[in-house]
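Undergrad: output the structure for:
(chains A and B)
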Amino acid sequence: MAATVIETPSTRKEKIRDWTKPAAMAIPKEGYFSLKNGRYGPIYPRTPACHGFTIIAKIKPGREETIRAYGKTIETAIADMPDALATLKLHYLRWVLFDIGKDTYFMYQGIFDTDFDKYTEDAVALFKKVGVNTVFENLEGFPEDWKTNVPAFVKFVREHQCPSFLEYGEYPYETADEIKKALQLKAKFSEMLDLMQ
Amino acid sequence: MAIYRPPLPKSVGRELRKADAASLEFEDIQHFLIHRSPALAARYEFLTFREPAAGRAWLRAMTEKVTTAAAVRSGQLDTRWVTVALSWNGIRALGLDDHSLASFPEEFRQGMATRAEALGMTGANHPEHWRGGLASTDLHAIVILFARDVPERERCRVEHEKFLSQCQGVEVLSSLDLEAIPPFDYAHEHFGYRDRLSQPVIEGTGEEPMSGSGPAIKAGEFFLGYPDEEGPSAEGPKPEILSRNGSYLAYLMMEEHVGAFRDFLRQHGETQDEQELVAAKLMGRWRSGAPLVLTPEKDDPKLAGDYQSTNDFDFGKMDPHGYACPLGAHIRRMNPRDTAANMNRRKMIRRGGTYGPPLPEGAPEDGRERGIAAFVGCASLVRQFEFAMNVWANDPNFHELGNERDPIFGTQDGTFDMTIPKRPIRKKIKGLAAFTTIRGGAYFFLPGIKALRYLASLT
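TA: Numbering: from 1, shown residues only, chains lettered A, B, ... in the order given. Here you go, the predicted structure:
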């Protein structure tokens, strides 16, 4: 398996690749250890729980049911086309609605293996390709011209990103592709054992 | 995203292409990204405007020298081709109002030197080491001169020098002379790799895409004011005249360390054949240009010259594990073909040439600077050029590789590797040396002819 090089809290480049050793990382308030700029803003570090984001935004009044209905829409879309989101290199998505006082907030949590800006760009392209409107359109402050203005979409996402202050990985830094390869190997191996009976 | 369209009968295609061609405003588009000049020499001059009025007077005169796409398409035989482009600071120095200046995309306003970190230009590649005033806010304009041969370039150089002596307030910050290196029968760079093998074809130019290159790309991917691969044209800079028929250019001057490159080949290959294979594995093509996916075991120079076949391959289906072309090879990163999403939104047009004297085969490194000075043309620097640099060239985890960057073009500092898939066990080269160093770079706006006239007439 390939060695993984990551930026550690000390910003020293170290080779750390030991999936047997769970790891935790405390992250400063800004979301990064030292300011390094990417194409649309600061680069967030890859952590033992990979890349990801937690976007929290207030929903437009009366849109709760519309947002909830997206759950079923996405479920059906993925059932029909399981690789629809392959580009995004996701591990997990979690969508949550919750109230603070009289307002309702939407939380979009994703764990993935590409960098933050690429994820957002790919997501915009994906929404446009399948012709769906994004659930984000139900959020306050979301740019209406998002389809022709990717930088504005990225800006919204960055402005509503709440960086973690702790992330943990039971099998740290492993990508979804590596995990799928390992499971595939296991399946092939047991198939091989079957053939040897 | 490209929508698949079944091929039309040939006659229908011809009519459609004519109609497309009619809709591209060739008289208003500079020739640079439409047409590759048959030039053996070139000169780039980087200029600063000390006085707005002087800058405008210079631009007014130069606009009349600019070669349009229409002129080239008319078949007229030229011996020199002129292109003029401006930095954001240059447009400001000409006197464009603040509101319009703010309508240019952020990455262009900031300029390449400010964006260096996102582009991976660190260490020896960092703008603090750049020369010729390229990292300075004084860089306002570039004149790109392509000439049929060296005497013609020299004639034009003297002519421009004379003209500049009359333009008090416009100064040359630096310049670069370029010459093709022998043998002249095909384009190649100092490492010996054949160049210009895979270029996008622009819809509306009437050119036929090469086999395996997919359909022609919508003009809006390269020129402002036209529909792009996702639909109607994206919003351009203000006023409207600036968002018609212009493009953005990313300029890169990249030194090639030929001695270090040849040492590396000798270190990793005992025989000439083994060394050629190592060179091919870094690039993904043999130095002849023949692609490893089509001819993995030995070179096939005939294939390289066959434009119908040399691009007719993919990676995902034909070489998924990289046994022929390694997953991290240069061409697999710069054009991942079927292994990346939204490829038609990442296409770029390359132009440029080699500078410095060739290093003869077998000669020791002579310490003289040589390399490539090239332009990438596109409609969005952040979506096309910066994406390629950030995600494809310099992302260590490209294709799950973990600790690699583009072996030729990426920022190397001796701490990255190169994996060459091989049965039964892959070969891993540790601590790849830097074969190239960025010596300068800049972002330019390549305006349409009317936009050039508009900028030259600001008051």
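
Undergrad: pLDDT weak spots in chain A?
TA: A:1-17, A:130-132 (pLDDT under 70).

Undergrad: what residues are up against residue 60?
TA: Reading this off chain A. Neighbour list for A:Lys60: A:138-140 [criterion: Cβ atoms under 8 Å, 6 or more residues apart in numbering or on different chains]. Backbone N, C-alpha and C define where each C-beta goes, glycine included.

Undergrad: not what I meant, chain B
TA: B:453, B:456-457.

Undergrad: so B:Gly352 versus B:Phe375, what's the distance?
TA: 6 Å (Cβ to Cβ, to the nearest Å).

Undergrad: those two: who's more crowded?
TA: B:Phe375 (26 against 22; other Cβ atoms under 10 Å in any protein chain shown).

Undergrad: wait, what's in contact with that one?
TA: B:Phe375 neighbours (Cβ under 8 Å, 6+ apart): B:32, B:144, B:249-252, B:350-352.

Undergrad: per-residue pLDDT of the residue lying closest to B:Leu101 once chain neighbours are set aside, please?
TA: Using Cβ to Cβ, 6 or more residues apart in numbering or on different chains and skipping residues adjacent in sequence, the residue nearest B:Leu101 is B:Arg92, 5.6 Å away. Reported pLDDT at B:Arg92 in the predicted model: 98.

Undergrad: which helix or strand contains B:Arg92?
TA: Using DSSP states H and E, B:Arg92 falls within helix B:88-93.

Undergrad: what is the subsequent helix or strand relative to that helix?
TA: helix B:98-102.

Undergrad: burial count for B:Phe385?
TA: 25.

Undergrad: B:Cys378 is in contact with that one, correct?
TA: Yes: contact criterion Cβ atoms under 8 Å: B:Phe385 and B:Cys378 qualify, at 5.8 Å.

Undergrad: name the residues contacting each of the two.
TA: In contact with both B:Phe385 and B:Cys378: B:248, B:250, B:348, using Cβ under 8 Å, 6+ apart.

Undergrad: out of those residues, list just those in strands.
TA: In this view, the shared contacts of B:Phe385 and B:Cys378 that belong to strands under DSSP state E are B:248, B:250.

Undergrad: which of the shared contacts of B:Phe385 and B:Cys378 are buried?
TA: B:248, B:250, B:348 (16 or more other Cβ atoms under 10 Å in any protein chain shown).

Undergrad: so what's the closest residue in space to the first one that isn't next to it in sequence up against?
TA: Nearest-residue entry for B:Tyr248: B:Leu381, 5.0 Å, with adjacent residues in sequence omitted and distances by Cβ to Cβ, 6+ apart. Neighbouring residues of B:Leu381 by Cβ under 8 Å, 6+ apart: B:105, B:107-108, B:248, B:250, B:443.

Undergrad: what's the answer for B:Leu455, then?
TA: B:56, B:59, B:86, B:91, B:94, B:96, B:242, B:447.

Undergrad: can you tell me how far it is from chain A?
TA: From B:Leu455 across to chain A, the span is 24 Å (Cβ to the nearest Cβ, to the nearest Å).

Undergrad: could you tell me what pLDDT the model assigned to that residue?
TA: For B:Leu455, pLDDT reads 98.

Undergrad: and of the shared contacts of B:Phe385 and B:Cys378, the nearest to B:Gln272?
TA: B:Met348 (34.2 Å; Cβ to Cβ).

Undergrad: can you give me the buried ones in stretch B:182-201?
TA: Those buried within stretch B:182-201 under the rule 16+ other Cβ under 10 Å are B:187-194, B:197-201.

Undergrad: check stretch A:62-71 too.
TA: A:63, A:67, A:70.

Undergrad: what would these look like in TSV with distance to B:Arg80 and secondary structure?
TA: Formatted as TSV, these follow (distance: Cβ to Cβ, whole Å; DSSP: H, G, I helix; E, B strand; the rest coil):
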residue	distance to B:Arg80	secondary structure
A:Arg63	61	coil
A:Ile67	61	helix
A:Tyr70	59	helix
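
Undergrad: now do the strands in the chain.
TA: You didn't pick a chain, so chain A it is. Under DSSP E, chain A gives strands at A:5-7, A:13-15, A:23-26, A:51-58, A:90-100, A:103-112, A:166-169.

Undergrad: hmm, no, I was thinking of chain B.
TA: Under DSSP E, chain B gives strands at B:41-49, B:80-86, B:141-147, B:170-179, B:247-256, B:349-355, B:371-378, B:418-420, B:427-429, B:436-446.

Undergrad: neighbouring strands of the fifth one in the sheet, and parallel or not?
TA: In the sheet containing strand B:247-256, the strands it pairs with under DSSP bridges are strand B:371-378 (antiparallel), strand B:436-446 (antiparallel).

Undergrad: phi and psi next, for the closest residue to chain A within the stretch 151-300 of chain B.
TA: Closest residue of the stretch 151-300 of chain B to chain A, Cβ to the nearest Cβ: B:Ala234 (5.4 Å). Backbone dihedrals for B:Ala234, given as degrees, to the nearest 10, come out at phi -70, psi 160.

Undergrad: close enough to count as contact, it and B:Gly220?
TA: Yes: the pair B:Ala234 / B:Gly220 is scored as a contact, 7.1 Å apart, by Cβ under 8 Å.

Undergrad: since that was my last question, I'll sign off now.
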